[in-house]
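# Quick check, what structure comes out for this input:
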Amino acid sequence: MRLLPCATLLAVLLPTSLPAQEAPTSCCRTLGEVRTNIDRIDDQILRLMAERSRYVAQAGRFKTSAATVRDEARIRQILTRIRAKSAVAGVNPDVAEATFRAMVEGFTAEEARQVGR
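A predicted model of the protein is given here:
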């Protein structure tokens, strides 16, 4: 799979203002329909995580040791940006931060393992 140029990826994934979207109040008639939609969205998130993983691997090329992988300033920058965008997107900022914090921790650990090889 080919990687998009960073500017293109950012323009596609991170528009300057995310539209606030409310959850549909009556789109699903059954719990099964709700779960089917959640599974569909989870599949999309997983595809984006795989793409993010490929960029994390690229970042590892610029780091000299596992000790240089963790960048606290960058982590704060990511989480601050996500909190701000989550409110606009209609996501509880605490939920968004916790989710991204877990993802960043997981990817940081993976990157450290790759760089340490």
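# Spatially nearest residue to residue 116 (excluding sequence neighbours)?
In space, residue 116 comes closest to residue 66 once its chain neighbours are excluded; the distance is 4.0 Å by Cβ to Cβ, 6 or more residues apart in numbering. In this view, the C-beta of every residue, glycine as well, is placed from N, C-alpha and C.
# Kindly report the same for residue 113.
Excluding the flanking residues, the one nearest residue 113 by Cβ to Cβ, 6+ apart is residue 66, at 7.7 Å.
# and the one you found, how many residues sit next to it?
16 (other Cβ atoms under 10 Å).
# do residue 39 as well
Counted with other Cβ under 10 Å, residues neighbouring residue 39 total 9.
# start at 6 instead
OK, 6 is where the count begins now, so the last one is residue 44.
# For whichever strand or helix holds it, what is the distance to the chain centroid?
Per DSSP states H and E, residue 44 falls inside helix 36-65. Shown here is helix 36-65, whose average C-alpha point lies 9 Å from the average C-alpha point of the whole chain (Cα atoms, centre = their mean, to the nearest Å).
# Surely residue 58 and residue 111 touch.
No. Under the contact definition of Cβ atoms under 8 Å, residue 58 does not touch residue 111, with a separation of 9.5 Å.
# list residues touching both of these two?
Shared between the contact lists of residue 58 and residue 111 (criterion: Cβ atoms under 8 Å, 6 or more residues apart in numbering) there are no residues.
# Could you list the low-pLDDT ranges of the chain?
Low-confidence segments of the chain, defined by pLDDT under 70, are located at 6-31, 122.
# what kind of secondary structure is the residue of the chain positioned farthest from its centre in?
The centre of the chain is farthest from one residue, residue 34, which by Cα atoms, centre = their mean lies 30.0 Å away. Assigned state for residue 34: coil (three-state reduction, DSSP: H, G, I helix; E, B strand; the rest coil).
# Not including adjacent chain positions, what is the nearest residue to residue 112?
Here the nearest residue to residue 112 in space, its sequence neighbours aside, is residue 61; by Cβ to Cβ, 6+ apart that works out to 4.8 Å.
# Name the residues of the host helix or strand of residue 113 that are buried.
Residue 113 is located in helix 98-120, with elements delineated by DSSP H and E. By neighbour count on 16 or more other Cβ atoms under 10 Å, the buried set for helix 98-120 is 101, 102, 105, 109, 112, 113, 116, 117, 119, 120.
# Thank you kindly, that will do.
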